[in-house]
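K.L.:
sequence and predicted model, in that order:
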Amino acid sequence: MDLSLLQELNRALRGRKSVAVVTLTRGETSSGMSVGDQCLVDPTDGTAQMGPLRLSGAIVRQVLEIISGRDSKALHIRTKELECDLFVEVHAAPSHLIIVGAGHIAVPLASMANLCEFQVTVLDDRPQYANQARFPTADQVRAAPLVPTLQSMRNAGQLDRHTSIVLVTRGHQHDVDCLTELIGDDLAYIGMIGSKRRIRAVWELLESEYNLDRALFSKVHAPIGLDIGGRTPAEIAVAILGEIIMVHYRGPQAAMSMRG
Amino acid sequence: MTGSLYPKLQQLIEDGTTVAMATITMVKGSVPREVGAKMLIHPAGLHVGTVGGGCGEADVIRAALDVIKDGEPRTVRVDLTEDISMDSLGVCGGIMDVFIERCGSADAG
């Protein structure tokens, strides 16, 4: 791999941008290309750049399709003129986890999510909890009113299909306020803490007082987390993060050893 | 959600070290890692990352040391389909293709 291409790639990764490295692994894309030649493809402008590898518009379109699927993949090209294999290595922009509520569960959850390479934002309206010293690995810690901050994040385009939101505030009313704000957003995941009984009461409240359709609640993961029998804040954080990862990969809920 | 070893690769190249980078480009059946998993093979054994460990990875390291020497990028097929028994190590049941390329200047290797 060429150093200037590598520098450009690292710049994109640091900026948490989506980018793909395309490598010729067999054959040639056009005359003069050799195995190992590479280029970067930037999905925002759909151009191939940096490397010696030249790609036709038709091939770039196939690469862009692979990037939108977020998984790296080999691409076999066969036309009248040429036959070759490319490897498209996709670096998708990292998933964003917003933890609303900076209490006991938020601390281990933020650090575990960082280990799993999420971009992590912690939001709470209490500066004594929402601060960088309490969340040293978080990308962003915001001490600000909950609902207005979520609204401004939405306006900035930050509430999208690669965003997961965990509602673990200090009081259920705050969770409900955030939930009613977020219920219409198309997110990767939304979960809310609370016992089964408590959640049932919340659904009834949302139906009767807020006139929300019950069908909307089905996408909310509540009570939050996988049923792994955890008790401590850290164990609950494992259950929550496990559920987010499971939803991300559309994985099964059973343990590996219980699979058929 | 897979880790990136590119910052480390840039540091190695800027320090004048020539390494090989191995990338899993195709898998069939049960294999220990996914398409896109990467490993840097260092001539002095200071490898970074993994393409699944075990005998398969040892084959990749051997091929990578050749790539560091001759500079010819190539694809190595790792076959893990031998009979599953206790005396054969590292058998998962699948095969994978691993692309290996040299990174860094030719003369430093």
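P.N.:
Thanks, I have the structure now.
K.L.:
the helices in chain B, which residues?
P.N.:
The residue ranges that make up the helices of chain B, judged by DSSP state H, are B:6-14, B:54-70.
K.L.:
kindly report the same for the stretch 151-260 of chain A.
P.N.:
A:172-182, A:196-208, A:233-248 (DSSP state H, counting those that start in this stretch).
K.L.:
show me what the first one is packed against.
P.N.:
Secondary structure elements in contact with helix A:172-182, counted by 3 or more Cβ pairs under 8 Å, 6 or more residues apart in numbering or on different chains; DSSP states H and E, are strand A:96-100, helix A:146-155, strand A:163-167, strand A:189-192, helix A:196-208. In short, each C-beta sits where N, CA and C put it, glycine included.
K.L.:
if you count neighbours, what's buried in the last one?
P.N.:
Of the residues in helix A:196-208, those buried by neighbour count under the rule 16 or more other Cβ atoms under 10 Å in any protein chain shown are A:199, A:202, A:206.
K.L.:
from the opening residue of stretch A:110-127 to its closing one, how far?
P.N.:
Chord length of stretch A:110-127, first to last residue, is 17 Å (Cα to Cα, to the nearest Å).
K.L.:
mind checking the pLDDT average for that stretch?
P.N.:
Taken as a whole, stretch A:110-127 has a mean pLDDT of 95.
K.L.:
which residues are contacting that stretch?
P.N.:
Outside stretch A:110-127, the residues within contact range by Cβ atoms under 8 Å, 6 or more residues apart in numbering or on different chains are A:16, A:94-103, A:106, A:130, A:135, A:137-146, A:149-150, A:153, A:164, A:169-170, A:237-238, A:241, A:244-245, B:1-3.
K.L.:
do the same with stretch A:216-228
P.N.:
Residues from elsewhere that reach stretch A:216-228, judged by Cβ under 8 Å, 6+ apart: A:166-168, A:179, A:183-184, A:189-196, A:199, A:202-203, A:206, A:235-236, A:238-240, A:242-243, A:246-247, A:253.
K.L.:
now stretch A:51-67
P.N.:
Applying Cβ under 8 Å, 6+ apart, the contact partners of stretch A:51-67 are A:2, A:5, A:18, A:20, A:22-24, A:29-30, A:33, A:37-41, A:43, A:46-48, A:72-73, A:75, A:77, A:86, A:88, A:90, A:92.
K.L.:
which residues does the closest residue to A:A93 other than its chain neighbours contact?
P.N.:
Once its chain neighbours are removed from consideration, A:A93 has its nearest residue in A:S18; the separation is 4.4 Å (Cβ to Cβ, 6 or more residues apart in numbering or on different chains). Remark: with contacts taken as Cβ under 8 Å, 6+ apart, A:S18 is in contact with A:43-44, A:67, A:90-93.
K.L.:
ok, back up a step: which ones among the contacts of stretch A:51-67 lie within helices?
P.N.:
Within the contacts of stretch A:51-67, residues falling in helices by DSSP H are A:L5.
K.L.:
just the buried ones from the contacts of stretch A:51-67, in PyMOL syntax?
P.N.:
Here is the PyMOL command that picks out the buried ones among these, judged by 16+ other Cβ under 10 Å:
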select buried, chain A and resi 2+5+18+20+22+23+24+29+33+37+38+39+40+41+43+48+72+73+75+77+86+88+90+92
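K.L.:
what separates A:A130 from chain B, distance-wise?
P.N.:
Distance, A:A130 to chain B, using Cβ to the nearest Cβ, to the nearest Å: 25 Å.
K.L.:
go on, A:R78?
P.N.:
Between A:R78 and chain B the computed distance is 16 Å (Cβ to the nearest Cβ).
K.L.:
center of the chain, which residue is that?
P.N.:
Answering for chain A, as no chain was given. In chain A, the centroid-proximal residue (Cα atoms, centre = their mean) is A:S95; its distance is 1.9 Å.
K.L.:
my question was about chain B, not that one.
P.N.:
In chain B, the C-alpha closest to the average C-alpha coordinate belongs to B:A22, at a distance of 3.6 Å (Cα atoms, centre = their mean).
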